[in-house]
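Engineer: Sequence below, structure please.
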Amino acid sequence: MAEDGDTASQAEERAAEFDMEFAPRIPGGRAIFPAEREGKFVFLVATGAMTQQCFDEMLRHLQAIVGAGQWSQNWSDGDTPADQDPAAAHRDESLFDMEWRPTLPDGAAILPDEEKGRFVWLVRKGAMTRQCFEEMRAYLLHIVSSGQWSQNWGGSPQPGH
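Structural biologist: Numbers count the residues shown, from 1 in each chain. You can find the predicted model right below:
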């Protein structure tokens, strides 16, 4: 029985956390700034780069997705993505993208469209600036294609993640 508790405790320790914050200014005139540390991922979003509705919906969706273990970071304590040997990095087969939509169901600003091996953010036009969209898309494409983040379709962190 203690082993089951230890395993659950270890899984909880490995579970990533996600948060977002509006920032009045981000250096370099950027719309977003992703700040990552083991188990904690925070998107700083420049005030005005996305609507409050988009911010609230994205935060809610990402906290649920990351909290459920559907996506996980693939580096260990003290080993940031920049420190990893690219040849040794896990290569995920998941595809990621973002797409503009003129409207979304129920007046949503942003919706995740996910299935095994594929994740697409559907973004209603006007919910975020083009700059925010492009910066976020480029960053998320990078972390998924490099294997720094991977999709766990079963919903729980994979062994070693």
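
Engineer: For residue 43, give me its contacts.
Structural biologist: The neighbours of residue 43, taking C-beta atoms under 8 Å, 6 or more residues apart in numbering as the test, are 19-21, 32-35, 136. Every residue, glycine included, has its C-beta placed from N, CA and C.

Engineer: So what's the residue count around the nearest residue to it once chain neighbours are set aside?
Structural biologist: Excluding the flanking residues, the one nearest residue 43 by C-beta to C-beta, 6 or more residues apart in numbering is residue 20, at 4.6 Å. Neighbourhood size, residue 20 [other C-beta atoms under 10 Å]: 18.

Engineer: what separates residue 20 from residue 105, distance-wise?
Structural biologist: According to C-beta to C-beta, to the nearest Å, residue 20 stands 22 Å off from residue 105.

Engineer: Residue 136 too?
Structural biologist: Separation of residue 136 from residue 105 (C-beta to C-beta): 21 Å.

Engineer: Comparing those two, which residue is more hemmed in?
Structural biologist: Legend: neighbour count by other C-beta under 10 Å for residue 136 and residue 105, higher for residue 136 (22 against 8).

Engineer: Chain neighbours aside, what residue packs nearest to the more buried one?
Structural biologist: Using C-beta to C-beta, 6+ apart, the closest residue to residue 136 is residue 32 (5.5 Å).

Engineer: so what's that neighbour up against?
Structural biologist: 26, 43-46, 49, 132, 135-136, 139 are the contacts of residue 32 under C-beta under 8 Å, 6+ apart.

Engineer: now residue 122
Structural biologist: Residue 122 touches 98-99, 101, 104, 110-113, counting by C-beta under 8 Å, 6+ apart.

Engineer: Sort out for me which of those are in strands.
Structural biologist: Counting by DSSP state E, the members of those that fall within strands are 98-99, 101, 110-113.

Engineer: can you pick the most crowded of those?
Structural biologist: Result: residue 110 is most packed of the ones in strands among the contacts of residue 122 (other C-beta under 10 Å), 25 neighbours.

Engineer: For that residue, give me the pLDDT.
Structural biologist: Note on residue 110: pLDDT of 98.

Engineer: isn't it right up against residue 127?
Structural biologist: Yes: between residue 110 and residue 127 there is a contact under C-beta atoms under 8 Å: 6.0 Å.

Engineer: tell me, what's touching the two both at once?
Structural biologist: Common neighbours of residue 110 and residue 127 (C-beta under 8 Å, 6+ apart) are residue 54.
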